[in-house]
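Q: Mind folding the following:
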Amino acid sequence: MGQYSHSERDGNLLVVTINRPEVYNACHPMANEELSAEFDRFAADPDLWVAIITGAGDKAFCTGNDLKYHAELRARTGERPVHPPKGYAGLTARHDLDKPVIAAVNGLAMGGGFEIALACDLIIASDQAVFALPEPRVGLAAGAGGIQRLPRTVPLKQAMGMLLTGRRVGADEGLRLGFVTAVVPHAQLMAEARRWAGLILECSPASVRATKQAVLRSLDAPTLEVAMKSMDYPAYAAMARGEDAIEGPRAFAEKRKPKWKGRRRGGRERGLWALGPFPLLGGAPAARVLRVQRRHRLAQPAMAGIVVHAPGPVELHLERGEAEIRLGDRQFERAREARGRA
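A: Residues are numbered from 1 along each chain as shown. Here you go, the predicted structure:
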């Protein structure tokens, strides 16, 4: 248990609770740093497939920035609080998490708290939940993703109605607008969030990751045709080469439940990737690997997504001899240090 949060592991599910009920679960930099580290661990653990985030107590999910702490720090030092690179709760600026996260909103979700929920893939709301981006009412703006995510989630005029006024929206209206997935009586909230998590866990984790990554990256495509022809996403390629792609059809044919593993065929290799760009070997991109015995040679550069562990999962997308590498901050530092020693 952390100082400002606690987490519970249940098989392949992680439940994270923001634990500052005395300030309506508002987050100061220390709380955000702690939560960011928790989601770093979630991202790196191959045996954790889904996460739920909620708030302690019955009054608030999260009310965003701890404005009292903010004001006291400014009065004492003249400086603004420094928030971690991954944003509120380590989620609002985390753009590389392909595992699904469910927000179980148990009360007020205001400002950065609503932005945390918007950064999640599903929002399950208590009938007591209230959502708002009230920053303009205190001379600020919803700069942790609210301005960008809300208009991508609901019709523009409805989003502007919330953004420009800071008005409060209840759970039922949020469901009608489209940013809430489901509304349940307050006492049933966590059971409902766990039910949705269970439905996701019935699916192949590799397929879930591929689907989430493809959906989010396709949003940037200019047309539907371009989006459908641009499926060279790393998680999608890993799914196609993975063990689950064999297990699923086999289990269906044998009329049994599949036993998902969520990893590619040939097992796992451990080590640290040297940071790109990478050289061309034998006419195809190849990644030099530190502390791994053999090199990977890829026949199809356009579908070159690899999942390795260093010590958590590292996603490497090779294209035209260069690499886009995405991993947690701590793993990145380890990789850079290892490269310097090599």
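Q: Check the offset of stretch 106-113 from the chain's centre.
A: 18 Å (C-alpha atoms, centre = their mean, to the nearest Å).
Q: typo on my end, stretch 181-190
A: Counting by C-alpha atoms, centre = their mean, stretch 181-190 comes out at 22 Å from the chain centroid.
Q: pLDDT averaged over it, what's the number?
A: Stretch 181-190 shows a mean pLDDT of 98.
Q: cool, stretch 220-238 as well?
A: Average pLDDT, stretch 220-238: 87.
Q: buried stuff in it?
A: Neighbour counts over stretch 220-238 (16 or more other C-beta atoms under 10 Å) mark 227, 232-238 as buried. For the C-beta atoms, the positions are set from N, CA and C on the backbone; glycine is no exception.
Q: Check stretch 13-27 too.
A: 13-20, 24-27.
Q: Same list, the buried residues of stretch 220-238, but as TSV with secondary structure please.
A: Formatted as TSV, the buried residues of stretch 220-238 follow (DSSP: H, G, I helix; E, B strand; the rest coil):
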residue	secondary structure
227	helix
232	coil
233	coil
234	helix
235	helix
236	helix
237	helix
238	helix
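Q: ok, which pair from those residues is furthest apart?
A: Taking C-beta to C-beta, the two most distant members of these are 227 and 238; they sit 19.3 Å apart.
Q: Contacts for stretch 144-157 next, please.
A: Stretch 144-157 is contacted from outside by 64, 87-88, 92-93, 111-112, 114-115, 118-119, 133, 135, 141-142, 159-160, 162-163, 177-179, 219, using C-beta atoms under 8 Å, 6 or more residues apart in numbering.
Q: please redo it, this time with the cut-off set to 7 Å
A: The contact list for stretch 144-157 (C-beta atoms under 7 Å, 6 or more residues apart in numbering) reads 87-88, 92, 112, 114-115, 118-119, 133, 141, 159, 162-163, 177-179, 219.
Q: returning to what we had before: closest one of the buried residues of stretch 220-238 to residue 186?
A: Of all these, residue 186 sits closest to residue 235, with 35.5 Å by C-beta to C-beta.
Q: where's that closest one relative to residue 139, distance?
A: When distance is defined by C-beta to C-beta, to the nearest Å, residue 235 is 41 Å away from residue 139.
Q: Helices along the protein, start to end?
A: Along the chain, the segments classed as helices by DSSP state H run 29-44, 67-77, 112-119, 146-153, 156-163, 171-177, 189-201, 205-218, 224-229, 234-241, 244-253, 329-341.
Q: Which of those helices sits closest to residue 53?
A: helix 112-119 (6.9 Å).
Q: Remind me what that closest one packs against, helices and strands.
A: Judged by 3 or more C-beta pairs under 7 Å, 6 or more residues apart in numbering; DSSP states H and E, the packing partners of helix 112-119 are strand 60-62, strand 101-105, helix 146-153.
Q: Walk me through which strands the shortest one pairs with, and which way each runs.
A: Strand 60-62 sits in its sheet next to strand 108-110 (parallel), going by DSSP bridges.
Q: The buried residues of stretch 13-27 into CSV, with extra columns for pLDDT and distance to residue 60?
A: Shown next, in CSV, are these (pLDDT from 0 to 100; distance: C-beta to C-beta, whole Å):
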residue, pLDDT, distance to residue 60
13, 98, 23
14, 98, 21
15, 98, 17
16, 98, 15
17, 98, 12
18, 98, 9
19, 97, 11
20, 97, 9
24, 97, 4
25, 97, 5
26, 96, 8
27, 95, 11
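Q: Strands - which of those land there?
A: Of the buried residues of stretch 13-27, the ones assigned to strands by DSSP state E are 13-18.
Q: Could I get those residues in a markdown table, plus columns for distance to residue 207?
A: Formatted as a markdown table, those follow (distance: C-beta to C-beta, whole Å):
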| residue | distance to residue 207 |
| --- | --- |
| 13 | 17 |
| 14 | 19 |
| 15 | 23 |
| 16 | 24 |
| 17 | 28 |
| 18 | 30 |
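Q: Just the closest of those to residue 49, please.
A: Closest to residue 49 out of these is residue 13 (7.4 Å), distances taken as C-beta to C-beta.
Q: Bridged to that closest one, which residues?
A: Beta-bridge pairing for residue 13 (DSSP bridges): residue 10, residue 50.
Q: Check the gap between it and residue 100 for me.
A: Distance, residue 13 to residue 100, by C-beta to C-beta: 11 Å.
Q: Mutual contacts of the two, please.
A: residue 50.
Q: picking up where we left off before, go through the helices of the chain and name the closest to residue 7.
A: Of these, nearest to residue 7 by C-beta to C-beta is helix 29-44, at 5.7 Å.
Q: buried sites along that closest one?
A: By 16+ other C-beta under 10 Å, the buried positions in helix 29-44 come out as 29, 31-40, 42-44.
Q: now these in JSON lines, with pLDDT and distance to residue 81?
A: As requested, the buried residues of helix 29-44 are arranged in JSON lines below (pLDDT from 0 to 100; distance: C-beta to C-beta, whole Å):
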{"residue": "29", "pLDDT": "93", "distance to residue 81": "5"}
{"residue": "31", "pLDDT": "96", "distance to residue 81": "11"}
{"residue": "32", "pLDDT": "96", "distance to residue 81": "9"}
{"residue": "33", "pLDDT": "95", "distance to residue 81": "11"}
{"residue": "34", "pLDDT": "96", "distance to residue 81": "14"}
{"residue": "35", "pLDDT": "97", "distance to residue 81": "15"}
{"residue": "36", "pLDDT": "96", "distance to residue 81": "14"}
{"residue": "37", "pLDDT": "96", "distance to residue 81": "17"}
{"residue": "38", "pLDDT": "97", "distance to residue 81": "19"}
{"residue": "39", "pLDDT": "97", "distance to residue 81": "19"}
{"residue": "40", "pLDDT": "97", "distance to residue 81": "20"}
{"residue": "42", "pLDDT": "98", "distance to residue 81": "24"}
{"residue": "43", "pLDDT": "97", "distance to residue 81": "24"}
{"residue": "44", "pLDDT": "96", "distance to residue 81": "27"}
